[in-house]
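Student: turn this into a model:
(one chain, ligands or ions: 1)
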Amino acid sequence: MKAPAIQDLTELDAVIELAELARDIARHDRLYHAKDQPEITDAEYDALVARNRALEARFPQLIRSDSPSRRIGAPVAEGFAKSRHGEPMLSLDNVFSVEEFGDFCKRIRRFLGLTDTEALAFVGEPKIDGLSINLLYEDGVFIKGATRGDGAEGEDVTANLLTIPSLPRRLTAPFPASIEIRGEVFMEKADFLSFRATQEEASEAREARRAAGEKLGEAVVIPANPRNAAAGSLRQLDARITATRPLKLLAYAMGAASEAPAETHHDFLDELRRWGFTVNPLSRRLDSEGAAEHFQAEIGAGRAALAYDIDGVVYKLDRIDWQRRLGFVGRAPRWAVAWKFPAEQAVTKLLDIEIQVGRTGALTPRAVMEPVNVGGVVVRHATLHNEDEVTRKDVRIGDTVMLQRAGDVIPQILGVVLEKRLADSQPYAFPLNCPACGSHAIRDGEDVVRRCTGGLTCPAQTTERLRHFVSRRAMDIEGLGEENIQFLFDAGLIKSPADIFRLHQKRETLAGFEGWGERKISKLLEAIEARRSVALERFIFALGIRRIGEQNAKLLARHYHSLEAWRAAMIAAHIIGSEAREELGSIQGIGPAIAEELVEFFAEPRNLAALDDLAAEVSPLPVEETSAADSPFAAKTMVFTGTLEKMTRDEAEALAERLGAKVTKSVSKKTDFVVVGADAGSKAAKAAELGVKVLTEAEWLEMTGA
Ligand code: IVH
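Tutor: Presented below is the predicted three-dimensional model:
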């Protein structure tokens, strides 16, 4: 009944599950951040992220370029100005048990090269479920504030933040010339309940007006939980509305700063208080791992009595010099973690099984359930992953099912409460035809996924591909969101990616649609024009070829340099054993399955026609320069061997990657540098033999400027 154990999965299972997780998590991120309308509980979400992380740890070669571990939050919504954070706003990894917290501490020790006896001091802070914000102070004056957004830039909500009484307008001196303060905006439970009651009344009054045939203003939103209430309140376009909402602010971190305000996090919290911020009074310095474990139990026991909702405790390594050395991996710091409270279960009724059709034709079953409250959020949907999962669980429409939200397990239907099964229930028959286009849906070889064979004739696949094509990480065409794509597709104006670039010929047709004013049309057409030249890697990624995520697209773009060269090589690679095929196979990171997928894509005449049609409209540019491009290690392949003195191997490798290098384990002709520490063995010898450049630790440090 549980999700299959990670060690039992084949690589293929993992590929599929990672793809599903990437898609599901992205969707939930959108629902949560952009729409403030989550469909699953936070614990279910966390379980998805944890499962993804566990899969990636076991199959590091399968980490997707669009992996949720590399991404945070949602893009900014329309209506607010964008605001770029001085330093990215990141997220936290989660742990759920003493063991996992122990592993987190072990990783810190290993990275820093500490012994087991050296104590790790933390600061524990209750993790309030609100909305994180970034506040910029210059010369002690509050300049602007923004939501997290996609982590790099958020929405400028300065006017709204100024309505929060506990936000200091000026800091008490002394203070750094410039500093970003991070904290959480939230609503207390009691405030939430009375606010919701007000909204319910307003909603009823509105219904009464509707019944009386009166004109109605904007719909009244009834928030599902305090977090949504806080998010909805802070993101009001009219700050006067925000001013009526009972929002609070707690500060707990900093971003970019002109100077370091403290040496420990604990002292930093004291500074925050002195400057005038409210810091959670329950935050406490804990001088060991064991003290953290006690704190977790203590806060857990007192949780229900708190005035606000918390979903766990954040533990931050107290020493800031250590925080700096540890740095970040993916979207989370290595020096902090959120220890979440255990999950809950709930029972509800399965109303339906919906089939969603993805970009590559995958049919994914989704459970539609009678809404049920699990830990404060109403859950209506759960993924059932694939056909076999439905069969294995024998879930039937009308069944009473048990929902699970817990650590390493995918949030899912745990199983059926058989005693409650209806006498006339029927096993679920998975559709053999695509629900969107009626084409046969087949399972290829060992594929656990049933796929629609309709290809580009399937409207669901086509719109999903178009959505992918214009999405932020692909062609990034602003103003062509999901709804507009669907609309333009239904109206027959866009069938293929190239059609998007011919939309300007349909200006008059567009102007005839309701809600399509001159300004909207011009803005959209301008956004489209602006993307006629994009980096080759974006272009390749945007094509939506199976298994070609951002990372692989980048590898291909870097290797082949131009669209023409890539296209010719992919066609030539059709012949197994050909030089082109060998070359494709030799690209680091492009395995046989990916090569196969590319070759197949190019072997399909319709794909080639669509590509050429598109290439007539768009001219992809060579690979974008990265910011690490100036470092001597940019795009170089490096190997570290032996014991380093100034930093651990992990730390050195992370630094090399930050400088744009690719770190590998073994020395070959392709290696550019081998950094040799004490007692280096065969790798140093191999490097000498192959004539690869060898650096001592000192030389390496010198070149990094560290
Ligand atoms: S520190 C790099 N401290 O949790 C450190 N975050 O999962 C980033 N949160 O976006 C955050 N209480 O919204 C931090 N005491 C606390 C927190 C806290 C709640 C939220 C915050 C953040 C999310 C990370």
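Student: residues in contact with stretch 506-519: which ones?
Tutor: Phe487, Ala491, Leu493, Leu503, Ile521, Leu525 (CB atoms under 8 Å, 6 or more residues apart in numbering). From N, CA and C alone the C-beta is placed, and that goes for glycine too.
Student: burial measure for the fifth one, as a count.
Tutor: A total of 19 residues lie near Ile521 under the criterion other CB atoms under 10 Å.
Student: show me what contacts it?
Tutor: The contact partners of Ile521, by CB under 8 Å, 6+ apart, come to Arg507, Leu510, Ala511.
Student: gap between the second one and the ligand?
Tutor: Remark: distance between Leu510 and the ligand (CB to the nearest ligand atom, to the nearest Å) = 39 Å.
Student: name the element that residue belongs to?
Tutor: helix 507-511 (DSSP states H and E).
Student: for whatever helix or strand Ile355 lives in, the distance to its chain's centre please.
Tutor: Under the criterion of DSSP H and E, Ile355 resides in strand 345-357. Centroid separation between strand 345-357 and its chain, computed with CA atoms, centre = their mean, to the nearest Å, is 24 Å.
Student: who does it pair up with?
Tutor: strand 363-374 (antiparallel), strand 400-406 (antiparallel) (DSSP bridges).
Student: including mean neighbour count, distance to the ligand and mean pLDDT, could the ones you listed go into JSON lines?
Tutor: Shown next, in JSON lines, are these (neighbours: other CB atoms under 10 Å; distance: least, CB to the nearest ligand atom, whole Å; pLDDT from 0 to 100):
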{"stretch": "strand 363-374", "mean neighbour count": "18", "distance to the ligand": "19", "mean pLDDT": "87"}
{"stretch": "strand 400-406", "mean neighbour count": "22", "distance to the ligand": "17", "mean pLDDT": "76"}
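Student: can you tell me which of the contacts of stretch 506-519 is nearest the ligand?
Tutor: Phe487 (33.6 Å; CB to the nearest ligand atom).
Student: mind listing what that closest one touches?
Tutor: Phe513.
Student: what about the helix or strand where it lies, average pLDDT?
Tutor: Element membership for Phe487 (DSSP H and E) is helix 482-490. Per-residue pLDDT over helix 482-490 has a mean of 90.
Student: can you list the buried residues in it?
Tutor: Asn484, Ile485, Leu488, Phe489 (16 or more other CB atoms under 10 Å).
Student: dump these to JSON lines, plus distance to Glu263.
Tutor: Converted to JSON lines, those look like this (distance: CB to CB, whole Å):
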{"residue": "Asn484", "distance to Glu263": "51"}
{"residue": "Ile485", "distance to Glu263": "51"}
{"residue": "Leu488", "distance to Glu263": "56"}
{"residue": "Phe489", "distance to Glu263": "57"}
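Student: now the closest residue to the ligand within the stretch 551-700 of the chain: closest residue in space that isn't a chain neighbour?
Tutor: Using CB to the nearest ligand atom, the closest approach of the stretch 551-700 of the chain to the ligand is made by Ala654 at 16.0 Å. Nearest residue to Ala654, sequence neighbours excluded (CB to CB, 6 or more residues apart in numbering): Gly327, at 6.2 Å.
Student: residues in contact with the one you found?
Tutor: Taking CB under 8 Å, 6+ apart as the test, what Gly327 contacts is Pro333, Arg334, Ala654, Arg658.
Student: quick one: which of those is most hemmed in?
Tutor: Arg334 leads the contacts of Gly327 on contacts (other CB under 10 Å) with 23 neighbours.
Student: measure that residue to Leu326 for me?
Tutor: 4 Å (CB to CB, to the nearest Å).
Student: mutual contacts of these two, please.
Tutor: Joint contacts of Arg334 and Leu326 (CB under 8 Å, 6+ apart) are Ile108, Phe111.
Student: now the protein against the ligand: closest residue?
Tutor: Ser132 (3.2 Å).
Student: could you pull out the strands for the stretch 401-550 of the chain?
Tutor: 409-416, 441-442, 451-452 (DSSP state E, counting those that start in this stretch).
Student: kindly report the same for the stretch 1-150 of the chain.
Tutor: Under DSSP E, counting those that start in this stretch, the stretch 1-150 of the chain gives strands at 82-84, 94-95, 122-128, 131-138, 141-147.
Student: with distance to Gly589 added, can I get those strands in CSV?
Tutor: Below are the strands of the stretch 1-150 of the chain laid out as CSV (distance: least, CB to CB, whole Å):
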stretch, distance to Gly589
strand 82-84, 30
strand 94-95, 28
strand 122-128, 36
strand 131-138, 34
strand 141-147, 35
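Student: and for the residue lying closest to Glu387 once chain neighbours are set aside, the neighbour number?
Tutor: Nearest residue to Glu387 in three dimensions, chain neighbours excluded: Phe430, at 4.6 Å (CB to CB, 6+ apart). By the measure other CB under 10 Å, the count of residues near Phe430 is 18.
Student: ditto for Pro60
Tutor: Neighbours around Pro60, by other CB under 10 Å: 8.
Student: for it, give me its contacts.
Tutor: Contacts of Pro60 by CB under 8 Å, 6+ apart: none found.
Student: ok, it to Ala54 distance?
Tutor: 12 Å.
Student: same check, this time on Pro4
Tutor: With the distance defined as CB to CB, Pro4 ends up 12 Å from Ala54.
Student: show the pLDDT at Val663.
Tutor: pLDDT, Val663: 83.
Student: pairing partners for it in the sheet, please.
Tutor: Under the criterion used (DSSP bridges), Val663 bridges to Met638.
Student: quick one: it and Met638 touch, right?
Tutor: Yes. Between Val663 and Met638 there is a contact under CB atoms under 8 Å: 5.4 Å.
Student: between those two, which has more neighbouring residues?
Tutor: Met638 (24 against 18).
Student: shouldn't that one be in contact with Lys662?
Tutor: Yes. Met638 lies in contact with Lys662 (CB under 8 Å); the separation is 7.1 Å.
Student: Asp139 - how many residues pack around it?
Tutor: Asp139 is flanked by 12 other residues according to other CB under 10 Å.
Student: ok, Cys434 next?
Tutor: Neighbours of Cys434 using other CB under 10 Å come to 24.
Student: got the residues of the chain near the ligand?
Tutor: 90-92, 125, 127-128, 132, 148, 184, 252-253, 314, 333, 336, 338 (CB under 6 Å from any ligand atom).
Student: which one of those is nearest to Ala634?
Tutor: Taking CB to CB as the measure, Ala634 lies nearest Leu90 of the residues of the chain next to the ligand, at 23.4 Å.
Student: state which helix of the chain is the longest.
Tutor: helix 189-211 (DSSP state H).
Student: which helices and strands does that helix pack with?
Tutor: The contact analysis (3 or more CB pairs under 8 Å, 6 or more residues apart in numbering; DSSP states H and E) places helix 189-211 against helix 226-234.
Student: mind listing what's buried in the helix it packs on?
Tutor: In helix 226-234, counting by 16+ other CB under 10 Å, buried: Pro226, Arg227, Asn228, Ala229, Ala230, Ala231, Gly232, Ser233, Leu234.
Student: I'd say the fifth one and Lys189 touch.
Tutor: If I follow you right, that is Ala230. No. Contact criterion CB under 8 Å: Ala230 and Lys189 do not qualify, at 11.6 Å.
Student: related to what we said a few turns ago, between the strands paired with strand 345-357, which one is closest to Trp700.
Tutor: strand 400-406 (43.9 Å).
Student: CA atoms of the closest one as PDB?
Tutor: The C-alpha trace of strand 400-406 is given here as PDB (Å, rounded to 0.1, in the frame of the first residue of the first chain):
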ATOM      1  CA  THR A 400     -13.900   4.900   1.200                       C
ATOM      2  CA  VAL A 401     -10.200   5.500   1.200                       C
ATOM      3  CA  MET A 402      -7.500   6.300   3.700                       C
ATOM      4  CA  LEU A 403      -5.400   9.300   2.900                       C
ATOM      5  CA  GLN A 404      -1.800   9.500   4.200                       C
ATOM      6  CA  ARG A 405       0.600  12.400   4.600                       C
ATOM      7  CA  ALA A 406       3.900  11.400   6.000                       C
END
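Student: what lies in contact with that strand?
Tutor: 40-41, 43-44, 47, 96, 342-350, 367, 369, 372, 374-375, 379, 382, 395, 411-417, 420-421.
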